[in-house]
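Chemist: Quick one, structure for this:
(2 chains)
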Amino acid sequence: MNFRAIKVIYANEMMRFWQTFFQSLASPVISTALYFIVFGAAIGSSIDKIEGVSYGLFIVPGLTMLSILTHSISNASFGIFFPKFTGTIYEILSAPISFYEALLGYVGAAASKSLILATVILFTASFFVELQIAHPVWMVSFLVLTCITFSLFGFIIGLWAGNFEKLQVVPLLIITPLVFLGGSFYSISMLPEFWQKVTLFNPVLYLVSGFRWSFFEVSDVSVGTSLMMILVFLSVCLAVVAWMFKTGYRLKQ
Amino acid sequence: MNPIISIDNLCKTYDTGFEALKSVSLDIKEGEILALLGPNGAGKTTLISAICGIVSPSSGTVTVSGKDIIKDFRQTRELIGLVPQELTIGAFETVWSTVNFSRGLFGCKRDEAYLEQLLKDLSLFDKKNDELRALSGGMKRRVLIAKALSHEPKILFLDEPTAGVDVELRKDMWAIVRKLRASGVTIILTTHYIEEAEEIADRVGIINNGELLLVEEKDHLMASLGMKQLILELNEVITSIPELLAEFNLELSENGSSVTYTYDTTEGGANIADVIHAISEAGLVFNDLKISQSSLEDIFVDLVKGAA
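Modeler: Below is the predicted model of the structure:
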């Protein structure tokens, strides 16, 4: 195992984050504050409590998920796409490291950035609502698993994407709608029965539901199902990455 | 002595069906400078990319220091440094951070003293804290060399190191290559400039259409490749070469308006002045002269014809 290589890839990726520290953090802080002002204070004040949780508090896990899903994907996909695009990937390919070691560096950094982001969002949220976390260990576990899984997913997109447009397509056209329609800002019990069943096909529902349970012990689906679904998605991503590495897909001709 | 790199029947066919390498076999000796000469698209870059791990060979084997490049990729890649043809380099990192990154990627411990000396040797030390995007093309190429040498490799691949660089930098590159060779590094460089091969290589391999046409000691090859022609445009049309000029084996053009003298640059220098003097003595007056050298393409054609 080439630990030094993993370390330098990780550090190099994190360096980009620290170099734009203010920009990296100001954006989520401002958007979180805006969501709380609009949904929590303005609209939320006229919405009843959902399963005993005020609306402002109810949206905290969904809001956090929205940010970490999109940022995990964009950070990880950009991290591997950019060296491919500029050609500097030659250095990774000719170094004495396996693809999996490179993966640890890239995905580890993307997941770390998302964890920092989640912490900042939760911290910002604590200024607007009285944050309560019923199961902190589960909350951190769901958070870490989600960051890793979606960073892996982003890595896959970064390998697949042949241009910048493709890089943006999945987060913008697939992930964002899925997050909004996956019960991030509402409980699916508020939907008509037919749409409740349709929503069960949305994988993001399980992430948000499990994550919300760790805060308020309120969930749309059982916590076991949520955990299983995220592990299934993680396994699928790992299988796709393994296939890509085995075939050298878009990495090595 | 065992070769440091041994290539055996290496083939590479891309997904498009393009055969970039056709059964290439080559042994590279430790400590030598081998120049791989060939036109664009000949397969030079594919060959070194396959050895370095950037391209997967379709068939054949390559060993580096006796180890297989696929099974023992860690050991083989540790020995190799690669300077790519394109200026593929980041933008926002500093020179210092990028060379440290490269060293770490190869699993080496940080060694500030070594890297500082390396940057000094490459005249990069005063640019140490500059961002890569602020550097000139020549400086970027030096940074690529520094990155390739950051892990103290035993073998260095230089892919078209002087393509598009000015004369001064080209000479600097040659000096760097010689210095590296003196320190025991084996150097393989690709080029399409004969002069470059002539200047620094010990052996020259000629590659075209994915085939290694020959590998020769440079001195031997240059003897057969170093032919030049002096062409004199005459004021008057003549029908035959005067007897006085018989010793120079001049060729008369079909229309009799020019004579061509073919000479070998490697044989102690042809005395063109003698030829011109003799032509004047013979009463021929010329109004223009030009010197031409066989193009690489001509040489390839000759080589292929010779092999057929």
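Chemist: Is residue B:261 in a helix, a strand, or coil?
Modeler: At residue B:261 the chain is in strand, as set by DSSP: H, G, I helix; E, B strand; the rest coil.
Chemist: Would you mark the buried spots in stretch A:100-119?
Modeler: Buried residues in stretch A:100-119, counting neighbours by 16 or more other Cβ atoms under 10 Å in any protein chain shown, are found at A:101-118. Placement of C-beta: from N, CA and C, glycine included.
Chemist: and residue 123, how many neighbours?
Modeler: Just so you know, I chose chain A. 12 (other Cβ atoms under 10 Å in any protein chain shown).
Chemist: wrong chain, I was asking about chain B
Modeler: 13.
Chemist: In contact with it: list those residues for me.
Modeler: B:142, B:172 (Cβ atoms under 8 Å, 6 or more residues apart in numbering or on different chains).
Chemist: cool, residue B:172 as well?
Modeler: Residue B:172 makes contact with residue B:123 under the criterion Cβ under 8 Å, 6+ apart.
Chemist: As CSV, could you dump the C-alpha coordinates of stretch B:2-14?
Modeler: Extracted in CSV, the C-alpha atoms of stretch B:2-14 (Å, rounded to 0.1, in the frame of the first residue of the first chain):
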residue,chain,number,x,y,z
ASN,B,2,21.4,-7.4,-18.6
PRO,B,3,19.2,-4.8,-20.2
ILE,B,4,17.5,-2.4,-17.9
ILE,B,5,14.4,-2.5,-20.1
SER,B,6,13.5,-5.5,-22.2
ILE,B,7,10.6,-5.2,-24.6
ASP,B,8,9.4,-8.4,-26.2
ASN,B,9,6.9,-8.5,-29.1
LEU,B,10,4.9,-5.6,-27.7
CYS,B,11,1.7,-4.9,-29.6
LYS,B,12,-0.9,-2.2,-29.1
THR,B,13,-4.2,-2.0,-31.0
TYR,B,14,-6.5,0.8,-29.9
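Chemist: chain center to it: distance?
Modeler: Relative to its chain's centre, stretch B:2-14 lies at 19 Å (Cα atoms, centre = their mean, to the nearest Å).
Chemist: Stretch B:83-92 too?
Modeler: Chain-centre distance of stretch B:83-92: 19 Å, with Cα atoms, centre = their mean.
Chemist: now residue A:66: how far from residue A:32?
Modeler: Remark: distance between residue A:66 and residue A:32 (Cβ to Cβ, to the nearest Å) = 10 Å.
Chemist: Can you list the residue ranges for strands in chain B?
Modeler: Along chain B, the segments classed as strands by DSSP state E run B:5-13, B:19-28, B:33-37, B:59-64, B:67-68, B:80-83, B:155-159, B:186-191, B:203-208, B:211-217, B:227-234, B:251-252, B:258-264, B:286-293.
Chemist: nearest to chain A, of the ones you listed?
Modeler: With Cβ to the nearest Cβ, the closest approach to chain A among those belongs to strand B:80-83: 5.1 Å.
Chemist: Report whether the closest one contacts chain A.
Modeler: Yes: judged by Cβ under 8 Å from any Cβ of the partner chain, strand B:80-83 and chain A are in contact via B:80, B:82.
Chemist: With just CA atoms, put that strand into CSV.
Modeler: Listed in CSV are the C-alpha atoms of strand B:80-83, where the atom choice follows Å, rounded to 0.1, in the frame of the first residue of the first chain:
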residue,chain,number,x,y,z
ILE,B,80,10.8,5.4,-14.0
GLY,B,81,10.3,9.1,-14.5
LEU,B,82,8.3,10.4,-17.4
VAL,B,83,8.3,13.8,-19.0
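Chemist: contacting residues around it?
Modeler: The contact list for strand B:80-83 (Cβ under 8 Å, 6+ apart) reads A:90, A:94, B:48, B:51-52, B:64, B:141, B:144-145, B:147-151, B:153-159, B:161.
Chemist: Show the average pLDDT along that strand.
Modeler: For strand B:80-83, the mean per-residue pLDDT is 94.
Chemist: for stretch B:189-208, same thing?
Modeler: Mean predicted confidence for stretch B:189-208 is 85.
Chemist: where's that stretch relative to the chain centroid, distance-wise?
Modeler: How far stretch B:189-208 lies from its chain's middle: 3 Å, per Cα atoms, centre = their mean.
Chemist: hmm, that stretch in reach of chain A?
Modeler: No: Stretch B:189-208 does not reach chain A (Cβ under 8 Å from any Cβ); its nearest approach is 14.6 Å.
Chemist: Do me a favour and get the end-to-end distance for that stretch?
Modeler: One end of stretch B:189-208 sits 15 Å from the other (Cα to Cα, to the nearest Å).
Chemist: Could you give me the buried positions within that stretch?
Modeler: In stretch B:189-208, the ones that count as buried by 16+ other Cβ under 10 Å are B:189-192, B:194, B:196-201, B:203-208.
Chemist: Give me the residue at the spatial middle of the chain.
Modeler: In the absence of a named chain, this looks at chain A. When Cα atoms, centre = their mean is applied to chain A, the residue found nearest the centroid is residue A:69 (2.3 Å).
Chemist: Chain B is the one I meant
Modeler: Mean-position check on chain B, Cα atoms, centre = their mean. Result residue B:191 at 3.1 Å.
Chemist: Show me the beta-bridge partners of that residue.
Modeler: Taking DSSP bridges as the rule, residue B:191 bridges to residue B:37.
Chemist: shouldn't it be in contact with residue B:160?
Modeler: Yes: using Cβ atoms under 8 Å, residue B:191 is in contact with residue B:160, at 6.2 Å.
Chemist: For the stretch 101-250 of chain B, list the residues in contact with chain A, please.
Modeler: Within reach of chain A by Cβ under 8 Å from any Cβ, the stretch 101-250 of chain B has these residues: B:101-102, B:104-109, B:147.
Chemist: who wins for neighbours among the residues you listed?
Modeler: Using other Cβ under 10 Å as the neighbour criterion, residue B:105 leads those with 29 neighbours.
Chemist: Many thanks, I have nothing further to ask.
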